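Undergrad: I need the structure of the sequence given here:
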Amino acid sequence: MNEMIKTGVDVFVDVHGDEELPYNFIVGNQGLSSWDDRMEALHGAFLGAYCRANSDMQKHISYPTPPKASGRANLSLAAKQVGHKFNCLAVTLEMPFKDCRTNPDPVHGWSPKRSMKLGASLLDALIYVQPYLRAAGVGLDTFTLEDDAYVHPTSNYNAS
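TA: Okay, here's the model as predicted:
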């Protein structure tokens, strides 16, 4: 944290594995008091670019809990704490343990090789949003691609 305070943070990605959901997905920072049109636009653009860069990433399945009201986020989670402290794009990347249902591989499942490719394609998504991370005037009309629209988390999902 001391180094982040010294240098500042423009984007933060906390990488995890999820034991239950057989998908790659991004958890955003809804519920932070700083979650606004800028954060929503950056989140949508980042996730849209990530999906275009790697077909193992998707944006329709995530955790089933709806976002908390503004200012009610759990700041004990790394991405929420960093996003709050630095008012930056901060996400949690969740990967499946066994296989990715969007592109199942019955022989190898979710493999180290696929994890490495997902990590490499993260750079494409970061390059796409980099010019906007600290730009003034970023909002919901900044990104015109429909694929870059923010997808609201929902409790209506199917993990099977």
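Undergrad: if I look at the residue lying closest to residue 50 once chain neighbours are set aside, how far off is residue 73?
TA: Nearest-residue entry for residue 50: residue 125, 3.9 Å, with adjacent residues in sequence omitted and distances by Cβ to Cβ, 6 or more residues apart in numbering. For glycine as for every other residue, the C-beta is placed from the backbone atoms N, C-alpha and C. Between residue 125 and residue 73 the distance, using Cβ to Cβ, to the nearest Å, works out to 22 Å.
Undergrad: so what's the residue sitting nearest the centre point of the chain up against?
TA: Among the residues of the chain, the one closest to the centroid is residue 26, at 3.2 Å (Cα atoms, centre = their mean). Contacts here follow Cβ atoms under 8 Å, 6 or more residues apart in numbering; on that basis residue 26 touches 43, 46-47, 50, 57, 59, 62, 91-94.
Undergrad: where does the residue lying closest to residue 145 once chain neighbours are set aside fall, helix, sheet strand or coil?
TA: Nearest non-adjacent residue to residue 145, counting by Cβ to Cβ, 6+ apart: residue 48, 6.4 Å away. Here residue 48 is recorded as helix under DSSP: H, G, I helix; E, B strand; the rest coil.
Undergrad: what about the helices in this protein?
TA: Secondary structure of the chain by DSSP state H: the helices cover 2-7, 37-53, 78-86, 112-129.
Undergrad: can I get those helices in CSV with mean neighbour count and mean pLDDT?
TA: As requested, the helices of the chain are arranged in CSV below (neighbours: other Cβ atoms under 10 Å; pLDDT from 0 to 100):
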stretch, mean neighbour count, mean pLDDT
helix 2-7, 8, 95
helix 37-53, 22, 95
helix 78-86, 20, 95
helix 112-129, 16, 96
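Undergrad: Enumerate the beta-bridge partners assigned to the residue nearest to the centre of the chain.
TA: Under DSSP bridges, the beta-bridge partners of residue 26 are residue 93.
Undergrad: Tell me who's in contact with the residue nearest to residue 50.
TA: Here residue 125 is in contact with 46-47, 49-50, 53 (criterion: Cβ under 8 Å, 6+ apart).
Undergrad: No more questions from me, cheers.
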